[in-house]
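Enquirer: this one's sequence-less:
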């Protein structure tokens, strides 16, 4: 056992069933698979969490750009909600998340559990989020041509499919949205905030906080009935595709005299055979057939019935292969609209399912065959 001065703080770690106690004094160190940082080291890295270093924020907390002592740039997320776990359990959970690696997932470098502080340290991505680049203010706008947008759609779909079917343990993200899609220097997408829901009480990660911030992305069965399966992520990803194609935010923009949400408006254009009207005017050149296919994939993903939506593996296939989608099988999109007076009081909501398909309970095992969606599937 190592002994340090009595005023050192204690941090706990668990790796493969072996428990170990470490002591630090204002310095970062490595233990097991997750790197642990002291609070003082992260204060120093962010200039005491100076507002000028703030690069984002959301339901889980505020994100700051930081520079470690070795010169490495990182993204430092200060968690705003109190975790339901103690230090030992928190680090064990973070250790598990840090082991989940994929080219389209943001890498979790380490964490801080110093006193009551809960902070996560991620790799830094130069181009911030898709929300900032494509959907934010004109001052931060970066023109993305169609090949970049298509690659962002496919890369994000691949990351979600990995979380659903290959990650250990399997993960339903719960909060797929433009601000959680980070972009590196080459605009390759990486999904952030995966696996964090287990760290917090349900009243933080479910309706009280999430719905208020991301109404435009919520699958109806999740928002209204609390039914959370992989198909909720599929729905949110469908909305994300429409945002990438249109350059419009699903949570801010309203369309037509009825002030429709993005999903509603796209369905209306589909009925009027005017789907290309949704394409971002900034896209002056694009392959019409491919763009139409992406829009139709989004509509398959946002159908009201969770049973009718494809799996993310099927979505990857539909986006990456030149297949003809059988859009005669499409049923109307489900749309959740909710407004809150407080974080815990739902004042109004509506589920719009005008078509023949009503909303059914979602099931992670009930899927649509890819052969029913695609009329000709390349082999």
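Expert: Received the coordinates, thanks. Note that the coordinates shown come from a computational prediction; the quantities given were computed from them, not determined experimentally.
Enquirer: Look at residue 278 and say how many residues are nearby.
Expert: Using other Cβ atoms under 10 Å, residue 278 has 21 neighbouring residues. All C-beta atoms are positioned from the backbone trio N, CA, C, and that covers glycine.
Enquirer: Could you do residue 147 as well?
Expert: What residue 147 shows, counting by other Cβ under 10 Å, is a neighbour count of 12.
Enquirer: and what of residue 126?
Expert: There are 11 residues near residue 126, going by other Cβ under 10 Å.
Enquirer: any idea how far residue 284 is from residue 145?
Expert: Noted for residue 284: a distance of 9 Å to residue 145, by Cβ to Cβ, to the nearest Å.
Enquirer: For these two, indicate the residue with more neighbours.
Expert: residue 145 (13 against 8).
Enquirer: give the contact list for residue 155.
Expert: 103, 104, 188, 189, 190 (Cβ atoms under 8 Å, 6 or more residues apart in numbering).
Enquirer: for the stretch 51-200 of the chain, which spans come out with low pLDDT?
Expert: 58-59, 81-85, 198-200 (pLDDT under 70).
Enquirer: Helices along that one, start to end?
Expert: With DSSP state H, counting those that start in this stretch, the ranges of helices along the stretch 51-200 of the chain come out as 87-98, 130, 146-165.
Enquirer: any idea which of these is most buried?
Expert: Mean neighbours per residue, mean count of other Cβ atoms under 10 Å, is largest over the helices of the stretch 51-200 of the chain for helix 130, with a mean of 25.
Enquirer: can you list the residues that contact that one?
Expert: 152, 178, 179, 181, 182, 183, 189, 243, 244.
Enquirer: Adding distance to residue 290, write the helices of the stretch 51-200 of the chain out as TSV.
Expert: Output for the helices of the stretch 51-200 of the chain, formatted as TSV (distance: least, Cβ to Cβ, whole Å):
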stretch	distance to residue 290
helix 87-98	35
helix 130	19
helix 146-165	7
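Enquirer: Nearest residue to the middle of the chain?
Expert: residue 176 (2.9 Å; Cα atoms, centre = their mean).
Enquirer: got a list of what that one touches?
Expert: Here residue 176 is in contact with 156, 160, 191, 217, 233, 236, 237, 240 (criterion: Cβ under 8 Å, 6+ apart).
Enquirer: nearest to residue 250, of those?
Expert: residue 217 (6.3 Å; Cβ to Cβ).
Enquirer: And the closest one, how close does it get to residue 43?
Expert: Taking Cβ to Cβ, one finds residue 217 at 34 Å from residue 43.
Enquirer: and if you look at residue 301?
Expert: From residue 301 to residue 43 the distance is 42 Å (Cβ to Cβ).
Enquirer: related to what we said a few turns ago, and of the helices of the stretch 51-200 of the chain, who's closest to residue 121?
Expert: When the helices of the stretch 51-200 of the chain are compared (using Cβ to Cβ), the closest one is helix 87-98, at 9.8 Å.
Enquirer: closest to residue 166 among the contacts of helix 130?
Expert: residue 189 (17.4 Å).
Enquirer: how many other residues sit next to that closest one?
Expert: Neighbours of residue 189 (other Cβ under 10 Å): 27.
Enquirer: Residue 183 is in contact with that one, correct?
Expert: Yes - between residue 189 and residue 183 there is a contact under Cβ atoms under 8 Å: 6.1 Å.
Enquirer: where do the contact lists of these two overlap?
Expert: What both residue 189 and residue 183 touch, as defined by Cβ under 8 Å, 6+ apart, is the set 130, 152.
Enquirer: can you pull out the helices in the stretch 251-379 of the chain?
Expert: Going by DSSP H, counting those that start in this stretch, the stretch 251-379 of the chain shows helices at 262-271, 288-301, 312-320, 370-373.
Enquirer: residues contacting the closest residue to residue 75 other than its chain neighbours?
Expert: Distances taken as Cβ to Cβ, 6 or more residues apart in numbering place residue 122 nearest to residue 75, at 4.4 Å, with adjacent residues excluded. Contact partners of residue 122, counting by Cβ under 8 Å, 6+ apart, are 74, 75, 76, 77, 106, 107, 108, 109, 192.
Enquirer: Tell me what residue 122 is bridged to.
Expert: Applying DSSP bridges to residue 122 gives these bridge partners: residue 75, residue 108.
Enquirer: quick one: it and residue 230, what's the gap?
Expert: For residue 122 relative to residue 230 (Cβ to Cβ), the value is 24 Å.
Enquirer: do residue 157 as well
Expert: 13 Å.
Enquirer: Could you do residue 296 as well?
Expert: 20 Å.
Enquirer: Comparing these two, which shows the higher neighbour count?
Expert: residue 230 (24 against 21).
Enquirer: you'd agree that one is up against residue 313?
Expert: No - contact between residue 230 and residue 313 fails when scored by Cβ under 8 Å: they sit 10.0 Å apart.
Enquirer: Now the common contact residues for those two.
Expert: residue 164.
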